[in-house]
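Participant: sequence first, then the predicted structure:
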Amino acid sequence: MAVELTAKNGRVTSSDLSCSCGVSRQTASKTLKRLDKGGLLIWKGKNKADPFRYYELPDGCKEL
């Protein structure tokens with residue numbers, strides 16, 4: 001669901017995923033971090049406290 005949401009919107013945050021899937025922000029955040037670690041999504045932000053941080057698809061995967 002996270003990858004589909006990212007493909008549809010161009011980016012996803014833990015808040016977006018939480019609202020779309022009905023899970024806690026903590027669960028959404030852990031899911032996104034695992035997808036980043038696995039190379040399916042890429043984290044974007046200045047630092048961990050950046051309020052504008054988000055995840056996007058890797059280059060070459062923008063169109064699913």
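Facilitator: Alright, I've got the coordinates.
Participant: and the strands in this protein?
Facilitator: Assigned by DSSP state E, the strands in the chain fall at 42-44, 54-56.
Participant: go through this structure and flag its longest helix.
Facilitator: Longest helix in the chain, counting residues (DSSP state H): helix 25-37.
Participant: give me the residues contacting that one.
Facilitator: By Cβ atoms under 8 Å, 6 or more residues apart in numbering, the residues outside helix 25-37 that reach it are 2-3, 12, 14-18, 21, 23, 41-43, 55. Bear in mind the C-beta positions are built from the backbone N, C-alpha and C, glycine included.
Participant: same list (the strands of the chain) but as CSV, adding mean pLDDT, mean neighbour count and distance to A7.
Facilitator: Putting those into CSV (pLDDT from 0 to 100; neighbours: other Cβ atoms under 10 Å; distance: least, Cβ to Cβ, whole Å) gives the following:
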stretch, mean pLDDT, mean neighbour count, distance to A7
strand 42-44, 96, 14, 13
strand 54-56, 97, 21, 10
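Participant: how about those in CSV, adding distance to R34?
Facilitator: Listed next are the strands of the chain as CSV, based on distance: least, Cβ to Cβ, whole Å:
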stretch, distance to R34
strand 42-44, 12
strand 54-56, 11
